[in-house]
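**Student:** Attaching a predicted model along with its sequence, questions to come.
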Amino acid sequence: LIPGTTTPPASSGGGDGIVASATVAGMCASPRSGINPETGRAYPDTSGTLDNEKSWVRGWIDETYLWYGEVPTTLKAADYATPVAWFNVLKTPLTTSSGRAKDRFHFTYNTEVYRQLSQGGVSAGYGMETAAVRSSPPRDIRIALVEPSSPANTAGLKRGAKILTIDGVDVVNSTGTANVNAINGALSPKAVGESHTFTFEVGGVAQSPVQLTAANVTSTPVQNVQVIDTGSGRVGYLLFNDHITTSEAQLIDAVNTFKQGAGIQDLVLDMRYNGGGQLLIASRLAYMISSPGVTSGKTFEQLAFNDKNPFHLTVAQTLTPFVGTSRTGQALPTLGLSRVTVLTGPDTCSASESVINSLRGVGVTVNLVGGTTCGKPYGFYPQDNCGTTYFAIQFKGVNQQGYGDYSDGFAPTAGCTVADDFNHQLGDKAEARLAAALALRSTSSCSVGSTKAAVQGLDKATEPAAEQPYLPGRSPLRENRLIDLPDPA
């Protein structure tokens, strides 16, 4: 989001102390009734209080949080009005070697919203992702991508359009909390039917106002699958935006396209906007890129937990293999590639970084073109309690070689730091990052791209032109490595 203000927690009573989370699990101030569509069984909720819910949160953190021993002991539940507000402060205050917060990933979701988004990619919105090329005045907010069959697509909007105004507010130059909040609110609509009026600039020319009304938009996680003919062979390209359930079939279809008659020699995997998601999707993708001879018997990722071993896993259970079958048990196709080029940026996160790290762990050459990735070798077992799903970091992932220390991200291959190019559509051979990837393949150099170092921090007054574009207002669910706990039933 565009930088704004924060609100301190309100005060309420109770919830102090640490008890076993199991003793207060499902004791809810507003218990749910009916059948859980995820499990097909009745919700486990019983009548309880907010203090019960806060007690569950504190117990769950103490038992499962990777850095439970670093959580400040001076915090009081009574100072936080809700279980979510209480959860938000129960994390390590320490920083990484670069000075960034060690835990930048603590978050919650309404459980039903999470179910719909993680399984089918359904969420309320316009169907456009926006990127902040510059987030402080004079701002430069662009459309990064548009979902097919979405309100934004119907309105004829395309990547690269610059937002000038929203509901009459000057997006480029306005200041003040009210204006910032209005811009942020319109960029991230909360409900279906919410409407806002935008004006865009395309090719330096202001366009007529466009009214966008939020709808339930279904993400298309795999797009622009194509084969590019080059002087030295055929190269596959695909844009992969989300490790969600529906992406599996689309990834399989893409790999089959590359295999059947295409005969590609290399692959450019565009994950510049892929924040992550389900680890098993990442594992299957990596398996399909490589070959069974390389990945057989190897570890895609091993999970390291806190010293309490909170989920009582054996060593074998902490190992995620390179999965060679689909969710339905069908054998996956493979490309048999010994190298792959990944287009990256600060929104390339978590499960996407696992693909990079784990392929490197078995000897596949992974070249990176674009910007430094987000730096998240951590993940979650999402846990529902009383209609809220909590995401607290519970494990760190390492590859076959035991490497997982990339909390400050993976940097591009030498000479391949390339700015995001909003003057071309994704998948266009002239788009800067794709052009650099193709040049790297043919000449061993990303010479067509900018070699200017990407800057991860935003709003750096000394180097405003060096800001690294990022996607503001993005769902934290889309910047994760997610694994489901085994069903107790």
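**Tutor:** That came through, no problem.
**Student:** Same question for whatever helix or strand Q302 lives in: list its buried residues.
**Tutor:** Assigned by DSSP states H and E, Q302 belongs to strand 299-304. For strand 299-304, burial by neighbour count (16 or more other CB atoms under 10 Å) applies to T299, F300, E301, Q302, L303. C-betas here are computed from N, CA, C, even on glycine.
**Student:** Could I get the phi/psi values of the residue nearest to the first one when sequence neighbours are not counted?
**Tutor:** Spatial nearest neighbour of T299, chain neighbours left out: Q400 (4.7 Å); criterion: CB to CB, 6 or more residues apart in numbering. Q400 adopts backbone torsions of phi -60, psi -30, taken as degrees, to the nearest 10.
**Student:** what's across from T46 in the sheet?
**Tutor:** Applying DSSP bridges to T46 gives these bridge partners: M27.
**Student:** Now do the domain split for the chain, please.
**Tutor:** Here the domain parsing of the chain from automatic domain parsing is 8-94, 122-218, 222-383+395-453.
**Student:** So for Q116, which of these sits nearest?
**Tutor:** Closest approach to Q116 among the domains of the chain is made by domain 122-218 (4.5 Å; CB to CB).
**Student:** thinking again about what came up before, quick one: contacts of the strand holding Q302?
**Tutor:** 279, 282-283, 286-287, 313, 318-323, 354, 357-358, 361, 379, 395-400, 402, 404, 483 (CB atoms under 8 Å, 6 or more residues apart in numbering).
**Student:** From those, which land in strands?
**Tutor:** L319, T320, P321, G379, F395, K396, G397, V398 (DSSP state E).
**Student:** what pairs with the first one across the strands?
**Tutor:** Right, the one you point to is L319. Applying DSSP bridges to L319 gives these bridge partners: Q302.
**Student:** Return the residues in contact with the closest residue to T213 other than its chain neighbours.
**Tutor:** Of all residues not flanking T213 in the chain, S195 sits nearest, at 4.4 Å (CB to CB, 6+ apart). Going by CB under 8 Å, 6+ apart, S195 touches Q211, L212, T213, A214.
**Student:** Next one: S195 relative to N357, how far apart?
**Tutor:** From S195 over to N357 the distance is 42 Å, taken as CB to CB, to the nearest Å.
**Student:** which other residues reach the one helix or strand G293 maps to?
**Tutor:** Per DSSP H and E: G293 is located in helix 292-295. The contact list for helix 292-295, computed with CB under 8 Å, 6+ apart, reads A286, Y287, P321, F322, G324, T334, S338, V362, G363, V364.
**Student:** hang on, the earlier thing: now the strand holding Q302: average pLDDT?
**Tutor:** Mean pLDDT, strand 299-304: 94.
**Student:** again with stretch 203-218
**Tutor:** 96.
**Student:** Now do the end-to-end distance for it.
**Tutor:** 29 Å (CA to CA, to the nearest Å).
**Student:** again, but for stretch 170-189
**Tutor:** With CA to CA, one end of stretch 170-189 sits 18 Å from the other.
**Student:** again with stretch 30-39
**Tutor:** For stretch 30-39, the end-to-end distance is 20 Å (CA to CA).
**Student:** who touches that stretch?
**Tutor:** For stretch 30-39, the surrounding residues in contact (CB under 8 Å, 6+ apart) are R41, A42, Y43, D45, T46, S47, G48, R115, C386, G387, D487, A489.
**Student:** Export those as a markdown table, with columns for pLDDT and secondary structure.
**Tutor:** Putting these into a markdown table (pLDDT from 0 to 100; DSSP: H, G, I helix; E, B strand; the rest coil) gives the following:
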| residue | pLDDT | secondary structure |
| --- | --- | --- |
| R41 | 94 | strand |
| A42 | 95 | strand |
| Y43 | 96 | coil |
| D45 | 97 | coil |
| T46 | 97 | strand |
| S47 | 98 | strand |
| G48 | 98 | coil |
| R115 | 80 | helix |
| C386 | 98 | coil |
| G387 | 97 | coil |
| D487 | 38 | coil |
| A489 | 29 | coil |
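**Student:** Could you identify the buried members of the residues you listed?
**Tutor:** Burial by neighbour count, judged by 16+ other CB under 10 Å, picks out Y43, D45, G48, R115, C386, G387 from those.
**Student:** between those, which is nearest K308?
**Tutor:** Among the buried ones among the contacts of stretch 30-39, C386 lies closest to K308 (CB to CB), at 23.6 Å.
**Student:** Quick check: pLDDT value at the closest residue to that closest one other than its chain neighbours.
**Tutor:** Sequence neighbours aside, C28 is the residue nearest to C386 in space, at 3.7 Å (criterion: CB to CB, 6+ apart). If you check C28, the pLDDT there is 98.
**Student:** Next, the distance between the ends of stretch 30-42.
**Tutor:** End-to-end distance of stretch 30-42 (CA to CA): 15 Å.
**Student:** Likewise for stretch 317-324?
**Tutor:** First-to-last distance for stretch 317-324 - CA to CA - comes to 17 Å.
**Student:** which one of the domains of the chain lies closest to D103?
**Tutor:** For the domains of the chain, the distance to D103 is smallest for domain 8-94, at 4.6 Å, taking CB to CB.
**Student:** what about K76, how many residues close to it?
**Tutor:** For K76, the neighbour count with other CB atoms under 10 Å is 12.
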